[in-house]
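Peer 1: below: sequence and its predicted model.
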Amino acid sequence: MTEGLHPNLQPMFDAVLERNRGETEFHQAVYEVMLSLTPIAGQRDAYAQWSILKRICEPERQIIFRVPWVDDQGRVEINRGYRVEFNSALGPYKGGLRFHPSVNLSIIKFLGFEQTFKNSLTGMPIGGGKGGSDFDPKGRSDLEIMRFCQSFMTELYRHIGEYTDVPAGDIGVGGRELGYLFGQYKRITNRWESGVLTGKGLTWGGSQVRTEATGYGTVFFARDMLAEVGESFEDRRVVVSGAGNVAIYAVEKVHQLGGRVIAVSDSSGYVVDEAGIDLELLKDVKEVRRERLSAYAAQRTSARLVTDGSIWDVPCDVALPCATQNELPESGAKALLANGVRLVAEGANMPCTPEAIAIFQGARVLYAPGKASNAGGVATSALEMQQNASRDSWGFEETEAKLEEIMGEIHRTCVDTAEQYGSPGDYVVGANLAGYIKVADAMVAQGVI
Ligand code: NDP
Ligand code: 2IT
């Protein structure tokens, strides 16, 4: 994973490998950004030189803590909590919390690194951070989830704040968990500090459209990519991986725009539904009942459940990976290509491996990296912070219009930046360079801190 790096950047990447041994996801995220810095690696010393890049690859602060809690049988359980405050050049640290058994420092660091450039692209005043725990919410009762969240916040509260660090949701952390987390923060601090977390409920400081924002934003971005080449979602066959927050609202927006989603997945397999995914049933199974996709297939005659294959084998025009990192490897990219895929836009963070990305780009498939296409979630979080700061709340349509406008601006920034640096149509170069330059400029202005 070092091919193609500019000779000026190679030693910097080697130093990141050396300094962060074994953190493969973090290496991958850094590699992808460094690869895109080629056009400035020889010219813009202030950015590419060790001083900025070295600092940008080193989180400002990394917090790891014990999370003790008691399960329903009265047993003491121990999990590990993380918050990596990556970069505050543009604003308070901002980024989600992930609860999943696979969580480790490498995963939280890659997510915090990506978040820094994503947040820069949104145009909002937010820095980058990420956190979470190796806690597995699957099969846990509401009371166990509450006790875990309360214990997690009992340590986290001292590190966060409206002007310091503002967490939100990610895998395994949605409205229920954010409620328990906010309640405990409020109790410990005795402050109604609504701007300390985003993704809150609508009656207690949340924003309209935050739930829908990542999925909707990804589809707005993909629509703009198609429009750039004179195409649209109308009658397109679409495959969306995942069946969580991002995936569900990506499906909803694709259907609103005239496309047809014919497959979704979860950790137990995928369903193919040629009649088009039934959104109400999907929401009921995954959001309300918190069941597996087998429950969807059982209730729908047009659907079949596949538990031993890859969702990327399902022929489609548009693929939206919305589950997790590295879920779309080289084999998936080859299968999509063989079936004539036209566009791939990432709803998840780093779902495509570098090998898969190279295949899409080599075949001139339209491809958008997550830090551009999934930025709608955090952008709407920043809108939630704006509403909290002004003690205001906006309507659904007004907020969705703002999201659509922000995604349009990110798209335009990517296209223009790619063109400016000699790689027209390359959304990876456009997103990484535009995101990086803004953060680097702010860091130069603020001195060596
Ligand atoms: P959810 O927990 O709501 O949903 C995640 C979905 O992906 C679930 O269907 C889950 O399956 C599936 N999944 C997760 N991990 C795996 C795995 N290792 N193997 C197979 N399937 C898996 O999370 P979100 O929808 O919020 O997040 C999805 C992705 O989008 C993540 O990469 C996240 O970082 C990214 N993202 C999220 C944003 C947000 O606002 N929430 C914003 C921007 C990016 P199951 O149902 O079986 O658990
Ligand atoms: O990856 C992401 O952008 C998120 N999980 C959303 C972060 C946020 O602060 O809204």
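Peer 2: Done, it's in. Ligands and ions are numbered 1, 2, ... in the order given.

Peer 1: quick one: is stretch 71-84 near ligand 1?
Peer 2: No: Stretch 71-84 lies out of reach of ligand 1 by Cβ under 6 Å from any ligand atom, never closer than 13.9 Å. Placement of C-beta: from N, CA and C, glycine included.

Peer 1: can you give me the mean pLDDT across the helix or strand harbouring Gly430?
Peer 2: Using DSSP states H and E, Gly430 sits within helix 427-446. Here helix 427-446 scores 96 as its mean pLDDT.

Peer 1: next, the buried residues of it.
Peer 2: Of all the residues in helix 427-446, those buried under the rule 16 or more other Cβ atoms under 10 Å are 427-443.

Peer 1: now for it, which elements pack on it?
Peer 2: On a contact count with 3 or more Cβ pairs under 8 Å, 6 or more residues apart in numbering; DSSP states H and E, helix 427-446 meets helix 24-36, helix 38-41, helix 45-48, helix 50-56, helix 105-122, strand 366-368, helix 370-373, helix 396-420.

Peer 1: surely Asn388 is in a helix?
Peer 2: Yes: checked against DSSP: H, G, I helix; E, B strand; the rest coil, Asn388 lies within a helix.

Peer 1: quick one: contacts for it?
Peer 2: Glu162, Ser194, Gly195, Gly205 (Cβ atoms under 8 Å, 6 or more residues apart in numbering).

Peer 1: grab the nearest non-local neighbour of Gln184.
Peer 2: Closest residue to Gln184 apart from its sequence neighbours, by Cβ to Cβ, 6 or more residues apart in numbering: Met153 at 4.0 Å.

Peer 1: burial count for the one you found?
Peer 2: Per other Cβ atoms under 10 Å, the neighbour tally for Met153 reads 24.

Peer 1: export the helix or strand containing it to CSV, keeping only CA atoms.
Peer 2: Element membership of Met153, judged by DSSP H and E, is helix 142-156. Extracted in CSV, the C-alpha atoms of helix 142-156 (Å, rounded to 0.1, in the frame of the first residue of the first chain):
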residue,chain,number,x,y,z
ASP,A,142,-32.7,-1.1,26.7
LEU,A,143,-31.6,-1.0,30.4
GLU,A,144,-28.2,-2.5,29.6
ILE,A,145,-27.8,0.1,26.8
MET,A,146,-28.7,2.8,29.2
ARG,A,147,-26.3,1.7,31.9
PHE,A,148,-23.5,1.4,29.4
CYS,A,149,-24.2,4.9,28.0
GLN,A,150,-24.3,6.4,31.5
SER,A,151,-21.0,4.8,32.4
PHE,A,152,-19.4,5.9,29.1
MET,A,153,-20.6,9.5,29.6
THR,A,154,-19.4,9.5,33.2
GLU,A,155,-15.9,9.6,31.9
LEU,A,156,-16.5,11.3,28.5
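
Peer 1: ok, now which ones touch the residue lying closest to Arg98 once chain neighbours are set aside?
Peer 2: Leaving aside its sequence neighbours, Arg98 sits nearest to Gly132 (Cβ to Cβ, 6+ apart; 3.5 Å). Neighbour list for Gly132: Gly81, Tyr82, Gly96, Leu97, Arg98, Phe99, His100, Val103, Ile108, Asp170, Gly172, Val173 [criterion: Cβ under 8 Å, 6+ apart].

Peer 1: repeat that for 10 Å
Peer 2: Contacts for Gly132 (Cβ atoms under 10 Å, 6 or more residues apart in numbering) come out as 79-84, 95-100, 103-104, 107-108, 111, 152, 167, 170-173.

Peer 1: and it, what element?
Peer 2: Here Gly132 is assigned to strand 128-133, by DSSP H and E.

Peer 1: and that strand, does that touch ligand 1?
Peer 2: No: using Cβ under 6 Å from any ligand atom, strand 128-133 never reaches ligand 1; the gap is at least 8.7 Å.

Peer 1: one step back: give me the distance between the residue nearest to Gln184 and ligand 2.
Peer 2: Note on Met153: its distance to ligand 2, by Cβ to the nearest ligand atom, to the nearest Å, is 16 Å.

Peer 1: correct me, but that residue touches Leu181?
Peer 2: Yes: using Cβ atoms under 10 Å, Met153 is in contact with Leu181, at 5.0 Å.

Peer 1: quick check: neighbours shared by those two?
Peer 2: Shared contacts of Met153 and Leu181, counting by Cβ under 10 Å, 6+ apart, come down to Ile160, Pro167, Leu197.

Peer 1: what is the nearest of those to ligand 2?
Peer 2: If you rank these by distance to ligand 2 using Cβ to the nearest ligand atom, Pro167 comes first, at 6.8 Å.

Peer 1: OK, contacts around that closest one?
Peer 2: 83, 93-97, 129-132, 153, 156, 159-160, 173, 178, 181, 185, 196-199, 381.
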